[in-house]
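Visitor: Take this sequence and fold it.
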Amino acid sequence: MTPPGGHPRQERPTDFFISYSPADERWASWIAWQLEAAGHRTMMQAWDFVPGTNFIDFMDRGLSEAKAVVAVLSSNYLRSRYGRLEWMAALRADPDDPARKLVTVRIEDCPIDGLLSTITYVDLVGIGDPDEARRLLMRR
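Guide: Now for the predicted structure:
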């Protein structure tokens, strides 16, 4: 697959690992496309997971290779065991500056509690204009 920037994916380092619940794949894909269009390389399950690959290995590779993790926050994500593992790994990677390794994007009106509540999120809830949503995402 060639992303919007036109460079084959394997030739560029991974900038962002997109962590999301499968129920939120449309939002995760939209976020990834915005980042790719801005010249960043993303990794996400829907695009990069090859059938027959070990899912845990895929997660580990994505978390360790990416400069940052984008957590797509929704009630589904907050209940997800794997989502929790992914955002916690990102927090552990840079505990002194967690927002540098973990970027949170809220797509649903859901309570953000515990450690996640200490990270300022990009709030896309109620944003109907795609240009405004893109601006908010890219500003972060």
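Visitor: which other helices and strands contact the least confident helix or strand in the chain by mean pLDDT?
Guide: The weakest-scoring helix or strand in the chain, judged by mean pLDDT, DSSP states H and E, is helix 98-101 (a mean of 80). Judged by 3 or more Cβ pairs under 8 Å, 6 or more residues apart in numbering; DSSP states H and E, the packing partners of helix 98-101 are strand 68-73, helix 81-93. Every residue, glycine included, has its C-beta placed from N, CA and C.
Visitor: next helix or strand past the shortest one?
Guide: This means strand 68-73. helix 75-79 (DSSP states H and E).
Visitor: what about the helices in the protein?
Guide: For the chain, applying DSSP state H gives helices covering 25-37, 45-48, 55-65, 75-79, 81-93, 98-101, 130-139.
Visitor: thinking again about what came up before, of all the helices and strands packed on helix 98-101, which one is nearest residue 58?
Guide: Nearest of the helices and strands packed on helix 98-101 to residue 58, taken as Cβ to Cβ: helix 81-93 at 10.5 Å.
Visitor: Can you give the distance from stretch 24-32 to the centre of its chain?
Guide: 9 Å (Cα atoms, centre = their mean, to the nearest Å).
Visitor: Spit out the contact partners of residue 66.
Guide: Residues counted as contacts of residue 66 (Cβ atoms under 8 Å, 6 or more residues apart in numbering) are 14, 15, 16, 17, 43.
Visitor: Could you find the closest non-adjacent residue to the second one?
Guide: Looking back up the chat, that one is residue 15. residue 40 (4.1 Å; Cβ to Cβ, 6 or more residues apart in numbering).
Visitor: Let me know the outermost residue of the chain.
Guide: For the chain, the residue at maximal distance from the C-alpha centroid (Cα atoms, centre = their mean) is residue 52, at 22.8 Å.
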